[in-house]
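Participant: Dropping a prediction and its sequence here:
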Amino acid sequence: MRKITDEKIEMWLVGFGANLRRLRKAKRFSQVVLARECGVSAGYISAIERGKADPSIIILTRLASGLVLPLSKLF
């Protein structure tokens, strides 16, 4: 089994965050609006978008719901 390095995880988080930002902007949502829809802080949305936070599956589900997208579209 191949080991997933911290570097690969960090790269994935940065890529995920960039995709989240793209999807949020496509919906014309501010970080504040998306945060309110998801029940989290705008600072947490910012951290996710910068690849500095590792959201749980519950948060991923809330993000998809807040963006009115299927969960798979976040990836």
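Facilitator: On my side now, so go ahead.
Participant: measure Leu69 to Arg36 for me?
Facilitator: Distance, Leu69 to Arg36, by C-beta to C-beta, to the nearest Å: 17 Å. Heads up, the C-betas are built off the backbone N, CA and C, glycines and all.
Participant: Can you list the buried residues in the lengthiest helix in the chain?
Facilitator: Determined from DSSP state H, the single longest helix within the chain is helix 6-26. With burial defined by 16 or more other C-beta atoms under 10 Å, the residues of helix 6-26 counted as buried are Leu13, Phe16, Gly17, Leu20, Arg21, Leu23, Arg24.
Participant: Surely Lys73 is in contact with Ala64?
Facilitator: Yes. Between Lys73 and Ala64 there is a contact under C-beta atoms under 8 Å: 7.0 Å.
Participant: neighbour count winner among those two?
Facilitator: Ala64 (17 against 11; other C-beta atoms under 10 Å).
Participant: contacting residues for that one?
Facilitator: By C-beta atoms under 8 Å, 6 or more residues apart in numbering, the contact list for Ala64 reads Pro70, Leu71, Lys73, Leu74.
Participant: between these, which has the most around it?
Facilitator: When neighbours are taken as other C-beta under 10 Å, the top entry among the contacts of Ala64 is Leu74 (16 neighbours).
Participant: tell me the contacts of that one?
Facilitator: Residues near Leu74 by C-beta under 8 Å, 6+ apart: Phe16, Asn19, Leu20, Leu23, Leu60, Leu63, Ala64, Leu67.
Participant: Turn these into TSV, columns for distance to Val40.
Facilitator: Shown next, in TSV, are the contacts of Leu74 (distance: C-beta to C-beta, whole Å):
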residue	distance to Val40
Phe16	15
Asn19	17
Leu20	12
Leu23	16
Leu60	11
Leu63	9
Ala64	13
Leu67	13
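Participant: ok, the residues you listed vs Gln31, which is closest?
Facilitator: Of all the contacts of Leu74, Gln31 sits closest to Leu20, with 10.1 Å by C-beta to C-beta.
Participant: Next, the spatially closest residue to that closest one that is not a sequence neighbour: phi, psi?
Facilitator: Nearest non-adjacent residue to Leu20, counting by C-beta to C-beta, 6 or more residues apart in numbering: Glu49, 5.5 Å away. Phi and psi for Glu49, reported as degrees, to the nearest 10, are phi -60, psi -30.
Participant: Right, I'll leave it there.
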